[in-house]
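K.L.:
My questions concern the predicted model and sequence given below.
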Amino acid sequence: MTLTITIALLAAVCFGVASVLQHDGALRARQRTPLHPGLMVELARKRGWLIGVVAQAAGVTLHLVAVNMGALSVVQPVLTIGLVVALGLQRLSGRQVSRPAMLAAGQVVLGLAVFLAVMPPDQAAIPVDAEGWFPGLLLAGLLLAATLAGGLSLRGTARCVCLGAGAGVLMATSAALGKAWGEVLNTHGLVGLTSSWQFWAAVGCGAAGTLLSQTAFQAGPLGGSLGAMMAIDPVIGVGLGVVVFGEPFASGDTTPIRIIGLAVTLVGVWLLAMVQRGTAEGPLTGGRPPVPVSRAG
């Protein structure tokens with residue numbers, strides 16, 4: 001399990017790097033209506049954003065390895081470290097980081113350490129039939145619909161938070177579907193994998209999540225969108241792990257400890273996202289003017 005956590009941490013670092021680079025690229029792109037495909041076309045011509053895509057691809061690869069080695073309910077919460085990495089990169093770039101932001105980052109690390117200190121035993125077998133997936137996918141679908149409704153109807157920081165949460169739902173669902181790839185590959189081979197519904201559903205969720213995340217990045221500060229993404233991701237991951245894969249959340253008397261650890265982590269992520277939310281620079285930074293953004297039309 002130690003190797004699984006290490007790989008998941010490396011994936012989180014890649015995702016943190018990718019988020020900072022892609023957020024910068026999205027802010028410099030022309031403003032468009034939410035989910036406009038032209039945004040991706042313009043971003044594909046920006047070198048910094050493309051470097052972010054490479055970092056994201058590395059993160060996805062490491063993430064797939066991690067979820068196929070260990071429990072989804074363990075790997076997904078580890079990815080919250082990506083927000084702490086993004087905070088560090090903001091500071092290294094010369095932007096000031098407030099004391100509350102640093103304290104919130106420490107809370108994320110502490111909560112995650114508590115959560116991982118009492119890991120449950122090995123998980124149950126992976127279901128590969130659509131019937132076994134239905135409850136989990138229904139839950140994810142309802143949450144996605146709610147976040148999209150908010151993202152399309154609200155404005156400002158509320159929009160970027162809702163869109164970021166929607167992207168988190170899609171990314172976590174894609175990861176859960178990707179966890180089934182190993183079982184399908186072992187049973188039916190590469191041809192069976194590429195023709196399976198899990199493969200194409202995971203690819204579709206990943207692509208839609210990428211578009212939604214870039215829209216969220218353009219809609220407001222990095223802390224709001226990435227914080228919401230990182231907060232919802234472990235919730236969906238743990239939920240799908242328990243509902244779809246039959247993973248035990250805890251064993252014996254460790255349930256309260258794991259609940260406290262996860263709660264502390266999520267509150268830390270949310271505080272990290274919301275701190276200094278009134279500044280133009282975004283929740284993670286202060287003291288640097290916002291990047292100029294050109295407007296369409």
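P.N.:
Yes, it's here.
K.L.:
Quick one: mean pLDDT over stretch 212-226.
P.N.:
Over the span of stretch 212-226, the pLDDT mean works out to 75.
K.L.:
Repeat that for stretch 99-106.
P.N.:
79.
K.L.:
same deal with stretch 182-190?
P.N.:
84.
K.L.:
In CSV, list the C-alpha atoms belonging to it.
P.N.:
The C-alpha coordinates for stretch 182-190 follow below in CSV (Å, rounded to 0.1, in the frame of the first residue of the first chain):
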residue,chain,number,x,y,z
GLY,A,182,-7.0,-3.7,-15.1
GLU,A,183,-9.6,-6.4,-14.5
VAL,A,184,-11.0,-6.1,-18.0
LEU,A,185,-7.5,-6.2,-19.5
ASN,A,186,-6.6,-9.3,-17.6
THR,A,187,-9.8,-11.1,-18.5
HIS,A,188,-10.4,-10.0,-22.1
GLY,A,189,-7.1,-8.6,-23.3
LEU,A,190,-6.4,-5.3,-25.0
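K.L.:
How far away from the center of its chain is it?
P.N.:
26 Å (CA atoms, centre = their mean, to the nearest Å).
K.L.:
Please identify the helix or strand for T210.
P.N.:
helix 197-219 (DSSP states H and E).
K.L.:
Flag every buried residue along that helix.
P.N.:
198-199, 201-202, 205-206, 208-219 (16 or more other CB atoms under 10 Å). Every residue, glycine included, has its C-beta placed from N, CA and C.
K.L.:
tell me what that helix is packed against?
P.N.:
helix 2-28, helix 38-43, helix 130-153, helix 156-179, helix 181-194, helix 222-243 (3 or more CB pairs under 8 Å, 6 or more residues apart in numbering; DSSP states H and E).
K.L.:
could you redo the last one with a cut-off of 6 Å?
P.N.:
Applying 3 or more CB pairs under 6 Å, 6 or more residues apart in numbering; DSSP states H and E, one finds that helix 197-219 contacts helix 2-28, helix 156-179.
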